[in-house]
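Trainee: Can you look at this prediction? I've put the sequence above it.
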2 protein chains.
Amino acid sequence: MRVPGDIIVCLDREGAVRFIERVWGLEPVFVCVIGTTDTAKIPGISAAGRNPEMTDYTPAADVEYLFYGECQCIEGVPVTPEGIPTPALITKSAVDVAGIPVFVVNAGVRVRPDVPYIDVGGVPGGDIRTGRAVRDPDRVFRKAVIVGRGFGRVVDYLVVGESIPGGTTTALGVLLAMGVDAEGRVSSSMPENPHELKVGVVREGLAAAGIRPGDLRDDPLRAVSVVGDPMMAAFAGLVAGAAEEVPVLMAGGTQMVAILAILKVLRPDVLGNVAIGTTRWIVRDRTSDLEYLVSCISRVPVLAANLDFSCSRYGGLQMYERGAVKEGVGAGGAVIASILKSRGGITCRKLLEVIEENYGRIFRSFR
Amino acid sequence: MRVPGDIIVCLDREGAVRFIERVWGLEPVFVCVIGTTDTAKIPGISAAGRNPEMTDYTPAADVEYLFYGECQCIEGVPVTPEGIPTPALITKSAVDVAGIPVFVVNAGVRVRPDVPYIDVGGVPGGDIRTGRAVRDPDRVFRKAVIVGRGFGRVVDYLVVGESIPGGTTTALGVLLAMGVDAEGRVSSSMPENPHELKVGVVREGLAAAGIRPGDLRDDPLRAVSVVGDPMMAAFAGLVAGAAEEVPVLMAGGTQMVAILAILKVLRPDVLGNVAIGTTRWIVRDRTSDLEYLVSCISRVPVLAANLDFSCSRYGGLQMYERGAVKEGVGAGGAVIASILKSRGGITCRKLLEVIEENYGRIFRSFR
């Protein structure tokens, strides 16, 4: 098996090749888990919205864009404060070109999307500085397992992505609560990764709950309830249910490490059936360390879509090369799945053309 | 192709055989569409609950039973006023024995089930006597099309059932509004079919909206909004989306004719890809006439599960032979799908054993 040049393989190379062989040419389903939190509204935490208050709209708008090619709950598409568009642009281009069906799981959002979605009983997350981040993650986890199992029985394999602003901060929260040395290592949607701010927010939350780093090593859903986010419970449950039967590509950056940490305690049996799918911008990021973090948890292969926007005709896409956005809405995993489904027929270069077309369409219709 | 003896074939025999050949041995997904209405609370209309007010709980309890083998929102399981248990008992036995995955679509319920479900933006239905039965069925239809299309791209075929109390009255409503001569021909969950009451309720609704029978021949979703129920919009949309790609077994009795009537106007292209799957109790019912009604709409094959509870050791099941319940929660279609998936390995006789086991379990744990 030759790994397509458009997929970068990190960490467990053999495992990655095995994963690719298992799903080569098969038909995946893409599931996007959405959630919102008040953590994302802390100034400086998230760039997934024009301003902190807009982060409540971003997940709904992202999945509306995936389904309809335009958002219903906001004008235009979600952008960073600098106006750089959501990675949903990449995801949509990939799933459309490859003909990959999309389902949405609502893990708890303040603004509901105007698309069909699977409800697993989640509610929006709080501000982790209170130490009370997520209500009843166990229940959401259990329901998501049922959903994952349902998909696992009918699909070839599953690609699971997420859209939740502020997600790397809550990932840091869960990782620290579980004793993973993640300080300064989670990613950011901003070129300047605000590590100090994130660590401060997480420490405040842990202190408020009377938890020391590592205390919740064996109680991941408690960690979620204290300093996590609602997406995590649903995402982990989905993976746990589906990976009983079929391979699962966990589509995301350093947030996926928190999911792995949860699964390692609750469902270590499924870890052999998963891989992480992300972007080159994540694995080459100097402000975070996905490979180190994954290696702290388990030997799970990491695949990265070799996307390169440096020659794009749009400044907004070129900014991805300077550390903006990097990943989200399962962009990297969706691109990888499109390459694998098409047996390499779809390339990152071809996708860039589609992404640019969609980019042009968004900003024309927005004006 | 020899049709298994446990499946009765009505109407278009060739079409039925073709349908069976196409899905023989394949892996279906069972989708249960749930909804509630205030129409079901009119005394004497529905037996899908111990009393009219309980009908709000029945659909949620039905799908909870499908997933967990016990209900969360009520004690025991839904029963008729005489204590005869829900047909979900049959459905669950069939999908469990055959290993058929279940998904739920919430078309609009007053009591939400404690299971994962797909939300298509529906709200509970009103009392059709007001002439304002369902809000915004177009939107629900469109979202359900998306869901159906998603399933259609990943499953071999779809079985769609429903749980909505009072559903034959709203079916009568839509059929009369669309000019189908359905008076005295829709089925009932009671041995004594209250045709006069139903017709009276429908006439009151049509009059309130200023609609004469047949006026809405070409506007089925308007008919739904006036005298229908929320399940119909979601069910029709699901079928429309899925049957673009794969065969769909519409699991239900005379309510399915209203769905066919909707589809015949909105999506006649998919009618060649559907069949109705129901029970012997429906096709042999002397108080209704499924075959006549279907033949008014389109040449669609009707399959019926040859279930016979006359020798059951439980009086509550024997009552099915005397015209109680008859169908619901896609029971007939689920049984047919279990037979087809197992290539005839699963029989109605074998299923009765499982149904009796489950029956015993329910009433033991209930006491």
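Mentor: That came in fine, so what should we check first? Numbers count the residues shown, from 1 in each chain, chains lettered A, B, ... in the order given.

Trainee: alpha carbons only for contacts and neighbour counts from here, please
Mentor: Will do.

Trainee: Now for the residue in chain A that chain B sits nearest to: which residues touch it?
Mentor: With CA to the nearest CA as the measure, A:Ile118 is the residue of chain A nearest to chain B, at 4.1 Å. By CA atoms under 8 Å, 6 or more residues apart in numbering or on different chains, A:Ile118 lies in contact with A:Phe103, A:Val104, A:Val105, A:Asn106, B:Pro116, B:Tyr117, B:Ile118, B:Asp119.

Trainee: Please flag which of the residues you listed sit within strands.
Mentor: A:Phe103, A:Val104, A:Val105, A:Asn106, B:Tyr117, B:Ile118, B:Asp119 (DSSP state E).

Trainee: My understanding was that the third one contacts A:Pro59; is that so?
Mentor: Which is A:Val105. No. Applying CA atoms under 8 Å, one finds A:Val105 not in contact with A:Pro59, separated by 10.9 Å.

Trainee: which neighbours do these two share?
Mentor: Shared contacts of A:Val105 and A:Pro59, defined by CA under 8 Å, 6+ apart, comprise A:Ile34.

Trainee: okay if I get the ones in strands among the contacts of A:Ile118 as TSV plus distance to A:Leu206 and pLDDT?
Mentor: Listed next are these as TSV, based on distance: CA to CA, whole Å; pLDDT from 0 to 100:
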residue	distance to A:Leu206	pLDDT
A:Phe103	34	98
A:Val104	31	98
A:Val105	28	98
A:Asn106	26	98
B:Tyr117	34	98
B:Ile118	35	98
B:Asp119	35	98
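
Trainee: just checking, A:Gly344 touches A:Val3?
Mentor: No. Between A:Gly344 and A:Val3 there is no contact under CA under 8 Å: 9.2 Å.

Trainee: Counting neighbours, go ahead and name the busier of the two.
Mentor: Between A:Gly344 and A:Val3, counted using other CA atoms under 10 Å in any protein chain shown, the more crowded position is A:Gly344 (19 against 15).

Trainee: helix or strand for the more buried one, which one?
Mentor: For A:Gly344, there is no helix or strand it lies in under DSSP states H and E.

Trainee: who are the neighbours in contact with it?
Mentor: Residues near A:Gly344 by CA under 8 Å, 6+ apart: A:Pro4.

Trainee: Restrict the helix ranked longest in chain A to CA atoms and write it as PDB.
Mentor: Taking DSSP state H as the criterion, chain A has its longest helix at helix A:348-366. Provided in PDB are the C-alpha atoms of helix A:348-366 (Å, rounded to 0.1, in the frame of the first residue of the first chain):
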ATOM      1  CA  CYS A 348      -5.700  18.500  -2.400                       C
ATOM      2  CA  ARG A 349      -4.900  20.500  -5.400                       C
ATOM      3  CA  LYS A 350      -8.300  19.700  -7.000                       C
ATOM      4  CA  LEU A 351     -10.000  20.400  -3.700                       C
ATOM      5  CA  LEU A 352      -8.400  23.900  -3.500                       C
ATOM      6  CA  GLU A 353     -10.100  24.800  -6.800                       C
ATOM      7  CA  VAL A 354     -13.500  23.800  -5.300                       C
ATOM      8  CA  ILE A 355     -12.700  25.500  -2.100                       C
ATOM      9  CA  GLU A 356     -11.800  28.700  -4.000                       C
ATOM     10  CA  GLU A 357     -15.000  28.500  -6.000                       C
ATOM     11  CA  ASN A 358     -17.100  28.100  -2.800                       C
ATOM     12  CA  TYR A 359     -15.100  31.000  -1.300                       C
ATOM     13  CA  GLY A 360     -15.800  33.200  -4.200                       C
ATOM     14  CA  ARG A 361     -19.500  32.300  -4.000                       C
ATOM     15  CA  ILE A 362     -19.700  33.100  -0.300                       C
ATOM     16  CA  PHE A 363     -18.200  36.500  -0.500                       C
ATOM     17  CA  ARG A 364     -20.100  37.400  -3.600                       C
ATOM     18  CA  SER A 365     -23.400  36.600  -2.100                       C
ATOM     19  CA  PHE A 366     -22.400  38.200   1.200                       C
END
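
Trainee: which parts of that helix are buried?
Mentor: For helix A:348-366, burial by neighbour count (16 or more other CA atoms under 10 Å in any protein chain shown) applies to A:Cys348, A:Leu351, A:Leu352, A:Val354, A:Ile355, A:Glu356, A:Asn358, A:Tyr359, A:Ile362.

Trainee: Quick check, pLDDT for A:His195.
Mentor: Among the per-residue scores, A:His195 holds a pLDDT of 97.

Trainee: swap that for A:Phe363, please
Mentor: Note for A:Phe363: predicted pLDDT of 83.

Trainee: gap between it and A:Pro78?
Mentor: Going from A:Phe363 to A:Pro78 by CA to CA, to the nearest Å gives 12 Å.

Trainee: pLDDT weak spots in the stretch 151-300 of chain A?
Mentor: The model of the stretch 151-300 of chain A has no residue with pLDDT under 70.

Trainee: Centre of the chain to stretch A:339-357, how far?
Mentor: 20 Å (CA atoms, centre = their mean, to the nearest Å).

Trainee: distance between the ends of that stretch?
Mentor: For stretch A:339-357, the end-to-end distance is 19 Å (CA to CA).

Trainee: same deal with stretch A:260-275?
Mentor: 10 Å.

Trainee: cool, stretch A:50-59 as well?
Mentor: With CA to CA as the measure, the ends of stretch A:50-59 fall 13 Å from one another.

Trainee: Report the buried residues of it.
Mentor: Neighbour counts over stretch A:50-59 (16+ other CA under 10 Å) mark A:Arg50, A:Asn51, A:Pro52, A:Met54, A:Thr55, A:Asp56, A:Tyr57, A:Thr58, A:Pro59 as buried.

Trainee: Nearest residue to the fifth one in space, please, no chain neighbours.
Mentor: It stands for A:Thr55. Excluding the flanking residues, the one nearest A:Thr55 by CA to CA, 6 or more residues apart in numbering or on different chains is A:Gly49, at 4.9 Å.

Trainee: Same check on the last one?
Mentor: Distances taken as CA to CA, 6+ apart place A:Ser163 nearest to A:Pro59, at 5.2 Å, with adjacent residues excluded.

Trainee: The one you found reaches A:Val329, doesn't it?
Mentor: Yes. Using CA under 8 Å, A:Ser163 is in contact with A:Val329, at 4.9 Å.
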